[in-house]
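[1] Sequence and predicted structure are below.
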Amino acid sequence: MQVNEQLLTHLENLSYLKVSEDKRQEIINQLSQIVSFVDNLSQLDTNSIDETFTMTNQATYLREDEPMCDSDINTNIIKHAPRTENNFFIVPKIIE
Amino acid sequence: MITLKEALTLDDNKISKLKEQLKKSIESDAQLNAYIDIQNVGDGVPIAIKDNIQVKEWSVTSGSNILQGYIAPYNATVITKLLQSGLSPFGRTNMDEFAMGSTTESSFYGKTLNPKNRDCVPGGSSGGSAAAVAAGLAVAALGSDTGGSIRQPAAFCGIVGMKPTYGRVSRYGLGAYASSLDQIGPITQNVEDAAILYDIISGYDTKDSTSANVRYKKVSNMLNPDRKLRIAVLPKYIKDASADVQKAYNDTVEALSKDGHTIVEKEMEDPKYDISAYYITATAEAATNLARYDGIRYGNQKTGNNLEELYVKTRSEGFGDEVKRRIMLGNFVLSSGYYDAYYVKAQKVRHLIKDNYAKIFKNVDLILSPVAPDTAYKFGALHNPLDMYLSDIYTISINLAGLPAISLPVANASNGMPIGLQLIANAFDEQTLFDGAMSLERLMGY
């Protein structure tokens, strides 16, 4: 399968990434090469196989509904965060 | 370098001298670049830690620019276990950015050299941990293995690297790359040290929802290299390996047979399908896991006029090329219109891979396989991403099936570089894995 400029733009939007002008053709070629390679899976017959795969058969672990919190983690994250004020993270204005 | 087993018998005074000595040696060989920096916690035996395992109050950055400024606010479960067992996190080792690579060349901190030949890569992604142990700059180290990232650098550097069964070692505090494939494991000078370190870090942990709640028995005090095992060999499967690797493989099979092990020939599916299933699964999970790096709560924030611009600038400038490629590939295989053909198809193929291993293990105790198709590459040799992905042919199916495996050196190639082979065991049968590895280690006398 061939990746084109339109698909690359779509993937950038999904990924919150911007590929610079000088690298666009190179990455289009690389992604096309990789996607074409992984297309080999279509050679395998998987019609009767379950489409979900989990590493263990055990159910997700459930714990008692008791508070478990290391509040030091919050303090330390806030302390080292890029921009904070009064225990809040600062983000650019999102409501006009 | 003193082994881990010996180091665990040292008194505090001697351990402290060992650490001073280590620090001097590491600083005097800064060119190797195995370590990012050297910090220490506690007064135990020093263990080098890959830069994606949380050590409280350390800068832990997964080898990435985007995590500059982040300070780990808690210990990973494996670190808590080290500290409880008289070991100390000592030094942060270099790695491919977010563990995405096979050479450690993609690190924000520059490349690590292979101590056996400094023109070659140490392998990856745990290249710093492997180079540190191989250069005599660490007693032992922790790495992480998503598609061979412990076993391949161990093979390239001529030491031992072990990937536990999925769920055996808690992933709590491991920087996530591909959650259904990642496992933390030991990188050591010999098989017995690997068993000792594996015993220390493994066990059920309620903080990791994928941790296996199964009974755990220590393996290091039960090691038996005299056990005679049924070992599967794969004559067709090794055809993609270099002549040197094939020769080492065949010599090893002969030695195992002479030693009294039963050799059984088996077949595996063409590994090209493993590559596809792996790179679809791993990139899909990576795209999801790495969505958290938005620059708001931690790490290296770039400024923008609005929130979206801040996200895009932070991520575009913070992530390296390989990470960006994998995030975009992951979003491609998960996106509307392609999801069934790629992501779902890969999950179905994982069933085939797992079932094929299960079939082989009905009849044998272990499987012997190459680790990599060749010895350590020269820097820059795997410049094309697809070529790098193809170099993972022998390691990734083990992660896709969640099995334990251990890589150990068996011979030197004609170019003087070490060749590692791996033994693979059935899920949760680490005892047999280590017994077989000890037997092989003794036989080959590397």
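    Structure received. As the structure is a computational prediction, the values presented were derived from the model and not from experiment.

[2] all strands of chain A, in order?
    If DSSP state E is used as the criterion, the strands of chain A fall at A:84-85, A:88-89.

[3] what are the phi and psi angles of B:Val233?
    For B:Val233, the backbone dihedrals (degrees, to the nearest 10) come out as phi -120, psi 160.

[4] how long is stretch B:118-132 end to end?
    13 Å (C-alpha to C-alpha, to the nearest Å).

[5] Which single helix of chain A contains the most residues?
    helix A:24-38 (DSSP state H).

[6] Show me what it packs onto, helices and strands only.
    helix A:5-15, helix B:271-289, helix B:321-334, helix B:385-390 (3 or more C-beta pairs under 8 Å, 6 or more residues apart in numbering or on different chains; DSSP states H and E). C-betas here are computed from N, CA, C, even on glycine.

[7] could I get these as CSV with mean neighbour count and mean pLDDT?
    Output for the helices and strands packed on helix A:24-38, formatted as CSV (neighbours: other C-beta atoms under 10 Å in any protein chain shown; pLDDT from 0 to 100):
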stretch, mean neighbour count, mean pLDDT
helix A:5-15, 17, 98
helix B:271-289, 24, 97
helix B:321-334, 23, 98
helix B:385-390, 18, 94
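
[8] Of those, which is nearest B:Gly42?
    helix B:271-289 (29.8 Å; C-beta to C-beta).

[9] quick one, phi psi at B:Phe90?
    phi -140, psi 100.

[10] What of B:Arg230?
    Torsion angles, degrees, to the nearest 10, at B:Arg230: phi -90, psi 120.

[11] That one contacts B:His261, doesn't it?
    Yes - contact criterion C-beta atoms under 8 Å: B:Arg230 and B:His261 qualify, at 7.4 Å.

[12] Pick out whichever of these two has more residues nearby.
    B:His261 (22 against 13; other C-beta atoms under 10 Å in any protein chain shown).

[13] Contacts only, for the closest residue to B:Ile53 other than its chain neighbours.
    Leaving aside its sequence neighbours, B:Ile53 sits nearest to B:Ala76 (C-beta to C-beta, 6 or more residues apart in numbering or on different chains; 5.0 Å). B:Ala76 sits next to B:Ile53, B:Gln54, B:Val55, B:Ser170, B:Tyr172, B:Gly173, B:Leu174, B:Ile184 when contact means C-beta atoms under 8 Å, 6 or more residues apart in numbering or on different chains.

[14] pLDDT at B:Ala76, what is it?
    Reported pLDDT at B:Ala76 in the predicted model: 98.

[15] picking up where we left off before, show me which of the contacts of B:Ala76 is closest to B:Tyr70.
    B:Gln54 (10.0 Å).

[16] coming back round to it: A:Leu41 is nearest to which of the strands of chain A?
    Of these, nearest to A:Leu41 by C-beta to C-beta is strand A:88-89, at 41.7 Å.

[17] contacting residues around residue 23?
    I went with chain A, as the question did not name one. Taking C-beta under 8 Å, 6+ apart as the definition, contacts of A:Lys23 comprise B:Asp321.

[18] that's the other chain; I wanted chain B
    B:Ile38.

[19] Skip ahead from the host helix or strand of it and say which helix or strand is next.
    Assessed by DSSP states H and E, B:Lys23 sits inside helix B:12-28. Going down the chain from helix B:12-28, the next helix or strand is strand B:35-40, by DSSP H and E.

[20] Is there any residue in that following strand that contacts chain A?
    No - between strand B:35-40 and chain A, judged by C-beta under 8 Å from any C-beta of the partner chain, nothing touches; the nearest distance is 15.8 Å.

[21] so how far is the helix or strand that that strand is followed by from its chain's centroid?
    Sequence-wise, the next helix or strand downstream of strand B:35-40 (DSSP H and E) is strand B:45-50. Distance of strand B:45-50 from the chain centroid (C-alpha atoms, centre = their mean, to the nearest Å) equals 15 Å.

[22] picking up where we left off before, which of the residues in the helix holding B:Lys23 are buried?
    By neighbour count on 16 or more other C-beta atoms under 10 Å in any protein chain shown, the buried set for helix B:12-28 is B:Ile15, B:Leu18, B:Lys19, B:Leu22, B:Lys23, B:Ile26.

[23] ok so, going back, show me the contact partners of the longest helix of chain A.
    Taking C-beta under 8 Å, 6+ apart as the rule, helix A:24-38 contacts A:1-5, A:8, A:11, A:19, B:272, B:275-276, B:279-280, B:324-325, B:328-329, B:332, B:342, B:346, B:384-386, B:389.

[24] now the strands for the stretch 51-200 of chain B?
    Along the stretch 51-200 of chain B, the stretches classed as strands by DSSP state E, counting those that start in this stretch are B:87-93, B:141-145, B:160-163, B:183-188.

[25] Include distance to chain A when you put the ones you listed into a markdown table, please.
    What follows is the strands of the stretch 51-200 of chain B, written out as a markdown table (distance: least, C-beta to the nearest C-beta, whole Å):
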| stretch | distance to chain A |
| --- | --- |
| strand B:87-93 | 16 |
| strand B:141-145 | 14 |
| strand B:160-163 | 14 |
| strand B:183-188 | 10 |
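
[26] Tell me which of those sits most buried.
    Sort those by mean neighbour count, taking mean count of other C-beta atoms under 10 Å in any protein chain shown, and strand B:160-163 sits at the top with a mean of 32.

[27] ok, that one: who's next to it in the sheet?
    Next to strand B:160-163 in the sheet, as set by DSSP bridges, lie strand B:183-188 (antiparallel), strand B:405-412 (antiparallel).

[28] Keeping just the C-alphas, turn that strand into CSV.
    Taking Å, rounded to 0.1, in the frame of the first residue of the first chain, the C-alpha atoms of strand B:160-163 are listed here in CSV:
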residue,chain,number,x,y,z
VAL,B,160,23.6,-12.9,29.6
GLY,B,161,20.1,-11.3,29.2
MET,B,162,16.8,-12.8,30.3
LYS,B,163,13.2,-11.9,29.4
